[in-house]
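A.B. asks: Sequence below, structure please.
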Amino acid sequence: MNPIRTTLIIVITVAVMLGLRQWAGEPIYIASDSMAPTLTKGHHLWLDKVTFRGRPPERGEIISFRSPVGEEHESVKRVIAVPGDSVELREKAVYLNGGLQHEIYVYYARPGERLVGDTVGPLTVPEGGLFVLGDNRDNSNDSASWKSPATGEPLYFLPLTEVTGKVRGFY
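C.D. replies: Numbering: from 1, shown residues only. You can find the predicted model right below:
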């Protein structure tokens, strides 16, 4: 086989793969137990980067995003409330638009302890924002506990512009 042709095929293949990874999807690794028991440390998943180009995230979906508080890594959390929703946490229980949510996927590692973020709101999610929580509520850095790096004030909403994709199945 011609070495120039082989090199050209390799270069084109690498370019296509890098393009797909940048614009369509990529493998991700769960590095903490903040989403346990749904997703535990060590899970390998697929990040779908296409779905949210056609629509915004919906309640209940698991998303990946760049940290709004300056952390160097991307995070994975569940969407609890979308723009226009009223959300409140009362002693760890989630109320959405006034109704208690029965979340079968939630785990409380420290149910008897009162933690920052156990009681929040009520808050109305602004346009362009999301309220997200980890399924392991007592061990998750999320909308209930974020603080602005500049002011130290609570930062309750994830800007939609920071969402990088929808978390899909295992590989």
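
A.B. asks: show me where this protein has helices.
C.D. replies: With helices called from DSSP state H, the chain shows them at 3-23, 51-54.

A.B. asks: The longest one - what's its average pLDDT?
C.D. replies: Here helix 3-23 scores 65 as its mean pLDDT.

A.B. asks: The shortest one now?
C.D. replies: The average of the pLDDT scores along helix 51-54 is 88.

A.B. asks: Low-confidence regions, the protein specifically.
C.D. replies: Low-confidence segments of the chain (pLDDT under 70): 1, 8-25, 170-171.

A.B. asks: residue ranges of the strands in it, please?
C.D. replies: 25-29, 44-48, 62-66, 74-81, 86-90, 93-96, 99-100, 120-124, 129-133, 158-159, 163-170 (DSSP state E).

A.B. asks: Of those, which is nearest residue 143?
C.D. replies: The minimum distance between residue 143 and the strands of the chain falls on strand 129-133, with 4.7 Å, by CB to CB. C-beta: built from backbone N, CA, C; applies to glycine.

A.B. asks: Tell me how many other residues crowd residue 50.
C.D. replies: 11 (other CB atoms under 10 Å).

A.B. asks: Would you check how far apart it and residue 122 are?
C.D. replies: Distance check for residue 50 against residue 122: by CB to CB, to the nearest Å, it reads 34 Å.

A.B. asks: Equivalent analysis for residue 82, please.
C.D. replies: To residue 122, residue 82 is 15 Å away according to CB to CB.

A.B. asks: Neighbour count for the two, which is higher?
C.D. replies: Remark: of residue 82 and residue 122, residue 82 carries more neighbours, 19 against 12, as counted by other CB under 10 Å.

A.B. asks: Surely that one and residue 59 touch.
C.D. replies: Yes: counting by CB atoms under 8 Å, residue 59 is a contact partner of residue 82 at 5.9 Å.

A.B. asks: quick one, what contacts residue 108?
C.D. replies: By CB atoms under 8 Å, 6 or more residues apart in numbering, the residues touching residue 108 are 92, 137, 138.

A.B. asks: For the closest residue in space to the first one that isn't next to it in sequence, give me its contacts.
C.D. replies: Leaving aside its sequence neighbours, residue 92 sits nearest to residue 118 (CB to CB, 6 or more residues apart in numbering; 5.0 Å). Neighbour list for residue 118: 89, 91, 92, 144 [criterion: CB under 8 Å, 6+ apart].
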